[in-house]
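# structure, please.
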Amino acid sequence: MIISDLSKIEGRTYPARRRTQNLVGGAAPIQATNFSMGYVTLEPKGGQVPWHNQEQEEVYFVVTGTGEMCLGEEKMTLTAGQAVSIPTGVFHQLTNIGDDILNFIYCYGPAGDVAHWKQELAGTLPKEGIDVPALPNGAWPQCTEKPE
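Numbers count the residues shown, from 1 in each chain. You can find the predicted model right below:
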């Protein structure tokens, strides 16, 4: 039996104040062909999964906290216990707008790497409104900071 134990998975910290721990796929002990899954921690007041899109369809399920979810031209608040469906190819961003940590689980399929992870670490994320479509009006700004 193969077990992914969140308490033993170091994960990776990203410039947008986010820690991602792969539970299925990537560096995780469990591998699957049809999906990848992980646990993400967004720091209070601005921790983020920056504006990006990908070929895989995806679902975010908020475990704790409050976030601003931008999906295409829409912007909504997500809270603990809510899930959002992210269609393939649609730009999206999730930002922690609360005073506490926001934790969520992602699941996307098919399995495989998503480009925005490497782009964010390299400081090469396409900039919203310049290289890619703009965020919805009034949205929290996209983090495109280059890592130190």
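# list the residues that contact the residue lying closest to Thr144 once chain neighbours are set aside.
Distance criterion Cβ to Cβ, 6 or more residues apart in numbering; nearest residue to Thr144, sequence neighbours excluded, is Leu125 at 5.0 Å. For glycine as for every other residue, the C-beta is placed from the backbone atoms N, C-alpha and C. Neighbouring residues of Leu125 by Cβ atoms under 8 Å, 6 or more residues apart in numbering: 50-52, 116, 119, 142, 144.
# and Leu125, which of the three is it?
At Leu125, secondary structure determined by DSSP: H, G, I helix; E, B strand; the rest coil is coil.
# who does the residue positioned nearest the centre of the chain bridge with?
Geometric centre of the chain, nearest residue: Val49, 4.0 Å, by Cα atoms, centre = their mean. For Val49, the beta-bridge partners are Leu94 (DSSP bridges).
# measure it to Thr41 for me?
As for Val49, its distance to Thr41 is 11 Å (criterion: Cβ to Cβ, to the nearest Å).
# need the residues touching each of these two.
Counting by Cβ under 8 Å, 6+ apart, the shared contacts of Val49 and Thr41 are Arg18.
# ok, and the most crowded of the contacts of Leu125?
Counting neighbours by other Cβ atoms under 10 Å, Trp51 leads the contacts of Leu125 with 27 neighbours.
# you'd agree that one is up against Cys70?
Yes - using Cβ atoms under 8 Å, Trp51 is in contact with Cys70, at 7.0 Å.
# quickly list what's touching both of these two.
Counting by Cβ under 8 Å, 6+ apart, the residues touching both Trp51 and Cys70 are 91-93, 135.
# could you tell me which of the residues you listed are located in strands?
92-93 (DSSP state E).
# which of the shared contacts of Trp51 and Cys70 count as buried?
Neighbour-count burial within the shared contacts of Trp51 and Cys70 applies to 91-93, 135; the criterion is 16 or more other Cβ atoms under 10 Å.
# helices of this protein, residue ranges please.
Remark: helices assigned in the chain by DSSP state H are 115-122.
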